[in-house]
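> any chance you could fold what I've pasted below:
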Amino acid sequence: MWQQVVPLRVFERLGKGIRETPRDALIGLSETKKNLGRAFGFRKLFDSLGAIAGPLLATFIAVFFFNNVYTEQTYRTIFLVAIVPAVIAVIVLLFLKEMPSPTTVPRIAFNHIFGNRNVRNFIFVMSFLYLGNFSMMFFLLRANDYLPLFAVPIAYIAYNAAYTAFSLPVGIMADKIGAKKTVLVAMLLFLSVLVGFTFFPSMMAVFLLFIMLGFFTATAKTVPQVFLVEHMKNNNYASAIGSYKGLTGLASLPANLIAGFLWTIPLFGAPATFIFSMAIACLAIVFLVLFVRDESPY
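Predicted structure coming up:
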């Protein structure tokens, strides 16, 4: 079975990587600059709601049609049902009209991205931050020391609920005060979360920290695209967003390896993983303030 599942999973992740950047570029081309945050936040809100509704629908099918017995037929039915919204989405996509934009060869687009000091600095600052943005599993492991076992999934649900609920508000916030300031607020909250998990963990604090972490994640998944669209010339939005996601994704790989290595090293009464991440977050905040401007070139 795994020989079939692994290739399918790889293709599914490949499809996700291919569709996300053009989708964000379409939003950038279609929306006015003053409403970009709202548009990206709205997209992320419904993306997250869909991620919640899907498992709930699968559970409903298994419980009410198969008496909560997960057989091969149960999974086949769930996947057949999942095909329906996918087909509808493709059909709807065929009727979308793409906004015309100047055609730029990839080499020139690359020069536009990394020749733009503000865009280049922003991408590198965020990539640096992702060196300390380790997997959610490390936060859950830390929470497990202070929560009863049944409460750990509840804390994770609180995180996902906050992540979903804050998606639209952080987009609106970016429209109001600027993308850089919104990212800065999220970085400061992320730093506070790390400090809380390191020095002040308790049952009540852990739930609050997961909600704050949800705000940071909502911002990290929404507002950088707003910044890039606002500051890119010649409508090279897809190239800029793709470069951003590629570099931050690469930074996440060593982040988790470093986090795993430092986990067994105690420092200030906590795994050194959190101290390392705090240092990275502090430097990223300084770099963002010093080297990234929030003024749009338009």
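
> only C-alpha atoms for contact and neighbour calcs from this point on.
Noted.

> need phi/psi at residue 270.
phi -140, psi 160 (degrees, to the nearest 10).

> distance of it from residue 141?
12 Å (C-alpha to C-alpha, to the nearest Å).

> so those two - more neighbours on which side?
residue 270 (17 against 11; other C-alpha atoms under 10 Å).

> who's in contact with that one?
198-199 (C-alpha atoms under 8 Å, 6 or more residues apart in numbering).

> tell me the pLDDT at it?
pLDDT for residue 270: 90.

> ok, now residue 7?
pLDDT, residue 7: 72.

> from the chain's centre, how far out does stretch 70-77 sit?
31 Å (C-alpha atoms, centre = their mean, to the nearest Å).

> pLDDT of it, averaged?
For stretch 70-77, the per-residue pLDDT averages 84.

> which of the residues in that stretch are buried?
For stretch 70-77, the neighbour count (16 or more other C-alpha atoms under 10 Å) marks residue 74 as buried.

> dump it to CSV, restricted to CA.
Presented in CSV, the C-alpha positions along stretch 70-77 are these (Å, rounded to 0.1, in the frame of the first residue of the first chain):
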residue,chain,number,x,y,z
TYR,A,70,-12.6,2.4,8.5
THR,A,71,-12.3,-0.3,5.8
GLU,A,72,-11.0,0.0,2.3
GLN,A,73,-14.5,0.8,1.0
THR,A,74,-14.8,3.7,3.6
TYR,A,75,-11.6,5.3,2.3
ARG,A,76,-12.6,4.8,-1.3
THR,A,77,-16.0,6.5,-0.7
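
> run through who's touching that stretch.
Here stretch 70-77 has contacts from 62, 66, using C-alpha under 8 Å, 6+ apart.

> which one is residue 277 nearest to, not counting chain neighbours?
residue 132 (4.2 Å; C-alpha to C-alpha, 6 or more residues apart in numbering).

> returning to what we had before: mind listing the shared neighbours of residue 270 and residue 141?
Common neighbours of residue 270 and residue 141 (C-alpha under 8 Å, 6+ apart) do not exist.

> and the residue nearest to residue 277, what does it touch?
Residue 132 neighbours (C-alpha under 8 Å, 6+ apart): 255, 276-278, 280-281.

> most surrounded residue in those residues?
That'd be residue 281 among those, by other C-alpha under 10 Å, with 26 neighbours.

> my guess is that one meets residue 187, correct?
Yes: the criterion here is C-alpha atoms under 8 Å, and residue 281 meets it with residue 187 at 6.9 Å.

> can you map out the strands along this protein?
Under the criterion DSSP state E, the chain carries strands at the ranges 266-267, 270-271.

> mean neighbour count, the ones you listed: which tops it?
The highest mean neighbour count among the strands of the chain, using mean count of other C-alpha atoms under 10 Å, belongs to strand 270-271: a mean of 19.

> distance between that one and the chain's centre?
Worked out by C-alpha atoms, centre = their mean, strand 270-271 lies 25 Å from the chain centre.

> okay, now the sheet partners of that strand, with direction.
Strand 270-271 has the following strand partners under DSSP bridges: strand 266-267 (antiparallel).

> low-confidence regions, the chain specifically.
1-6, 8-10, 12-13, 98-110, 295-298 (pLDDT under 70).

> closest to the centroid, which residue in it?
The centre of the chain sits closest to residue 221, judged by C-alpha atoms, centre = their mean, with a distance of 3.5 Å.

> for it, give its distance to residue 251.
From residue 221 to residue 251 the distance is 15 Å (C-alpha to C-alpha).

> residue 259 now?
Counting by C-alpha to C-alpha - residue 259 and residue 251 are separated by 12 Å.

> also residue 123?
From residue 123 to residue 251 the distance is 11 Å (C-alpha to C-alpha).

> more neighbours, these two?
residue 123 (24 against 20).

> what sits against that one?
Neighbours of residue 123 in contact, by C-alpha under 8 Å, 6+ apart: 244, 247-248.

> again with residue 31
residue 39.

> got the phi/psi numbers for it?
phi -110, psi 150.

> do the same with residue 202
According to degrees, to the nearest 10, residue 202 has phi -160, psi 170.
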